[in-house]
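Student: Sequence and predicted model, in that order:
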Amino acid sequence: MLSTAGRLGFSVVGLTFEDFNVKPLTVEPPENLKVVWRIDLTHDKAQPKTIDKLRKLFPIVAVSCSSRDQFRAALKTRTDLIFQKKLFTLTLSDARVLASSGKFFEFNLKPLIYARGFEMVKAIRTIRRNIKLLKKMEIPIVISSWASNTYELTSPLELPQFLALADVNVQEFYRCVSEEPARLVELSNSRRIGLPNGVRILKRENHEDV
Amino acid sequence: MKTFKTRYLALKFECDGEIDRDVFWSCLIETYLRLYGEYGFSKANIRLLEFKGKSAIISVDHAALPYLRAALTMIRELNGVKTIVRVLGVSGTIKRLKAKFLSENVGKS
């Protein structure tokens, strides 16, 4: 799967764990491909102590939600990224709270691949509405494939293409597969080594320590 | 001024098995019709120009290009063969498309 990702043009891929009792594995990615580990928590398990412990192991800590109540609860956690396990529409106030929380929002292509008929209609409608609100509130968006096997992978420049279904200019969203994920990793690393908000490391001798 | 502008796409298929031209074409039509309907398909003016092994060239009306690319990302299986359809590049002429994306010397210049 990693070799296919390298062939498709990825330079960094995120690998996810959902069980927080496991530790990141040692993998040997192909040349020119970097692996970033990530842990996906549910809102009830994203307690500050758990997150502090996990941050030492995983560069990115994400939280999932399946409803608006869970979304609001997830916003109170100290995670880096929030994503919808099951698509639901956000409201303007949700987007405002998300904007003030400083979290990234993740969209993934997977529900659209398998949805058919009215399910697809609902998915597109939800994405269209959510994209409009997130864009209005200037919330950083990350687009991912959520691939669990090789043939669910999509090349990086094709990932934002599904947003054409939401009637947006796809070219505006190319940064969601390049700059924004890079910024997310950088911010997560800053939090990991305990830097306060707004403080950045501009240059350091040894990058391996970060 | 040209009234109808066409864009040409170079495609590459990442798959384990063999892919048939007709299977890909019918799958593309089915996906496009499912997403945008007959009216949308009529406006797109999609044509399959070339199909060789695991690469293909298709043409589309320039206004429908993002919609076609969205439809291509939805294709994951062609007649039971798991496939990733990869867009190598887009161009306004076939000559430039072939020189830039399908030539054997791509990336070596």
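Tutor: Nice, thanks for sending it over.
Student: how near is A:Gly117 to chain B?
Tutor: 9 Å (C-beta to the nearest C-beta, to the nearest Å). C-beta coordinates here come from the backbone N, C-alpha and C atoms, glycine included.
Student: residues contacting that residue?
Tutor: Applying C-beta atoms under 8 Å, 6 or more residues apart in numbering or on different chains to A:Gly117 gives no contacts.
Student: at 10 Å instead, please
Tutor: By C-beta atoms under 10 Å, 6 or more residues apart in numbering or on different chains, A:Gly117 lies in contact with B:Arg34.
Student: What ranges does the chain have for its helices?
Tutor: Answering for chain A, as no chain was given. For chain A, applying DSSP state H gives helices covering A:2-8, A:48-55, A:68-75, A:92-101, A:110-114, A:118-136, A:179-192.
Student: wait, chain B
Tutor: Using DSSP H, helices in chain B cover B:21-44, B:65-74, B:94-97.
Student: Next, format the ones you listed as TSV and append mean neighbour count and distance to chain A.
Tutor: As requested, the helices of chain B are exported to TSV (neighbours: other C-beta atoms under 10 Å in any protein chain shown; distance: least, C-beta to the nearest C-beta, whole Å):
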stretch	mean neighbour count	distance to chain A
helix B:21-44	15	7
helix B:65-74	23	4
helix B:94-97	15	16
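Student: In JSON lines, list those along with mean pLDDT.
Tutor: Output for the helices of chain B, formatted as JSON lines (pLDDT from 0 to 100):
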{"stretch": "helix B:21-44", "mean pLDDT": "94"}
{"stretch": "helix B:65-74", "mean pLDDT": "94"}
{"stretch": "helix B:94-97", "mean pLDDT": "93"}
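Student: check contacts around A:Ser144.
Tutor: Contacts of A:Ser144 by C-beta under 10 Å, 6+ apart are A:13-14, A:16, A:38, A:81, A:83, A:106-110, A:154, A:159, A:176-177, A:181.
Student: change it to 8 Å
Tutor: Contacts of A:Ser144 (C-beta under 8 Å, 6+ apart): A:Gly14, A:Glu106, A:Phe107, A:Asn108, A:Leu109, A:Leu159.
Student: my guess is the fifth one meets A:Pro156, correct?
Tutor: I take that to be A:Leu109. No - using C-beta atoms under 8 Å, A:Leu109 is not in contact with A:Pro156; the gap is 11.8 Å.
Student: circling back: tabulate the helices of chain B in JSON lines, adding columns for distance to A:Leu187.
Tutor: JSON lines is the format used below for those (distance: least, C-beta to C-beta, whole Å):
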{"stretch": "helix B:21-44", "distance to A:Leu187": "35"}
{"stretch": "helix B:65-74", "distance to A:Leu187": "28"}
{"stretch": "helix B:94-97", "distance to A:Leu187": "39"}
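Student: looking at those helices, which is closest to A:Gln47?
Tutor: Proximity to A:Gln47 (C-beta to C-beta) singles out helix B:65-74 among the helices of chain B, at 37.2 Å.
Student: which other residues reach the closest one?
Tutor: If you take C-beta under 8 Å, 6+ apart as the criterion, helix B:65-74 is touched by A:109, A:112-113, A:154, A:158-159, A:161-165, A:170, B:7, B:9, B:11, B:28, B:31-32, B:35-36, B:40, B:44, B:46, B:58, B:60, B:85, B:87, B:90.
Student: Quick check: A:Val170 vs chain B, distance?
Tutor: According to C-beta to the nearest C-beta, A:Val170 stands 5 Å off from chain B.
Student: need the contact list for that residue.
Tutor: Neighbours of A:Val170 in contact, by C-beta under 8 Å, 6+ apart: A:Pro160, A:Gln161, A:Leu163, A:Ala164, B:Pro66, B:Arg69.
Student: Include distance to A:Ala62 when you put those into CSV, please.
Tutor: As requested, the contacts of A:Val170 are exported to CSV (distance: C-beta to C-beta, whole Å):
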residue, distance to A:Ala62
A:Pro160, 19
A:Gln161, 23
A:Leu163, 20
A:Ala164, 26
B:Pro66, 28
B:Arg69, 27
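Student: most centrally placed residue in chain B?
Tutor: B:Ile58 (4.4 Å; C-alpha atoms, centre = their mean).
Student: I'd assumed B:Leu11 was in contact with that one.
Tutor: Yes - with contact defined as C-beta under 8 Å, B:Ile58 reaches B:Leu11; the gap is 6.6 Å.
Student: Not counting its own residues, what contacts the strand ranked longest in chain A?
Tutor: Ranked by number of residues, the top strand in chain A under DSSP state E is strand A:34-42. Contact partners of strand A:34-42, identified using C-beta under 8 Å, 6+ apart, comprise A:2, A:11-18, A:20, A:24, A:27, A:29, A:50-51, A:54, A:57-64, A:70, A:77, A:79, A:81, A:83, A:185.
Student: Counting only strands, which of those make the cut?
Tutor: By the criterion of DSSP E, membership of the contacts of strand A:34-42 in strands covers A:12-17, A:60-64, A:81, A:83.
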